[in-house]
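Student: any chance you could fold what I've pasted below:
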Amino acid sequence: MSEADDRELDALQAVLAAEHAAVYGYGVVGGRIGEGRRGEARAAYDAHRSRRDALTRDVRDLGGRPVAASAGYALPFSVPDSVAAVRLAAELEERLAGVYSDLVRAADGERRAAAAGALREAAVRAARWRGGSVAFPGLAERGGASSGRSSGSGSSGTEGSGSEGSDAGASGSGASGSASVGPTG
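Tutor: Coordinates of the predicted model:
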């Protein structure tokens, strides 16, 4: 396997780990989200399950052993209500955009195009959850800075009050450090 193939496999494993974490995180979101946004949360949950399954096949196709999901994950902040659930959904999507940007950089051809599409979808979902967007999705997360939002009017005013500043798992491209929420001990 070439060095480029190794980088691509490492990036795929990191995205797979992040998708495992997102599936877990959306389970929490679904349990706390208000009725008005439950369908949106369910659609995101289903999309992440589908991506996770496709990534598992991609890792195997490259000769790798897919990283397994952890039994549980530490959330970046407490999620006691619908407002926090919306904030968590935005955080999950922003962190996914970061790891997908690593895959875009490491891959080429069809896999690169698919990763760019997944990055775009994560950025759009994050903007919907957050009520605004960042200038360069997937890059703000790399600097460890809390994500910014546009100064637009937002969609409902209940999307949360911004990031908690937690950047655990938001930097690097290793499979163990790129999950959207961190595995529990």
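
Student: all strands for the protein, in order.
Tutor: Remark: strands assigned in the chain by DSSP state E are 73-74, 182-183.

Student: go through those strands and find the least confident stretch.
Tutor: Ranked by mean pLDDT, the strands of the chain end with strand 182-183 in last place, scoring a mean of 56.

Student: low-confidence ranges in this protein?
Tutor: Along the chain, segments meeting pLDDT under 70 span 1, 133-185.

Student: 90 instead?
Tutor: Scanning the chain for pLDDT under 90 picks out the ranges 1-5, 132-185.

Student: max-length helix in it?
Tutor: Across the chain, the longest stretch assigned as helix under DSSP state H is helix 3-32.

Student: can you pull the buried residues of stretch 117-137?
Tutor: By neighbour count on 16 or more other CB atoms under 10 Å, the buried set for stretch 117-137 is 118-119, 121-123, 125-134, 137. Every residue, glycine included, has its C-beta placed from N, CA and C.

Student: repeat for stretch 78-92
Tutor: Residues of stretch 78-92 classed as buried: 79, 82, 83, 84, 85, 86, 87, 88, 89, 90, 91, 92 (neighbour count, 16+ other CB under 10 Å).

Student: do the same with stretch 95-112
Tutor: By 16+ other CB under 10 Å, the buried positions in stretch 95-112 come out as 95-104, 106-107, 111.

Student: among the residues you listed, which ones are in helices?
Tutor: Using DSSP H, those in helices are 95, 96, 97, 98, 99, 100, 101, 102, 103, 104, 106, 111.

Student: could you work out the end-to-end span of stretch 61-79 for me?
Tutor: Using CA to CA, to the nearest Å, one end of stretch 61-79 lies 37 Å from the other.

Student: now swap in stretch 59-77 and tell me
Tutor: 31 Å.
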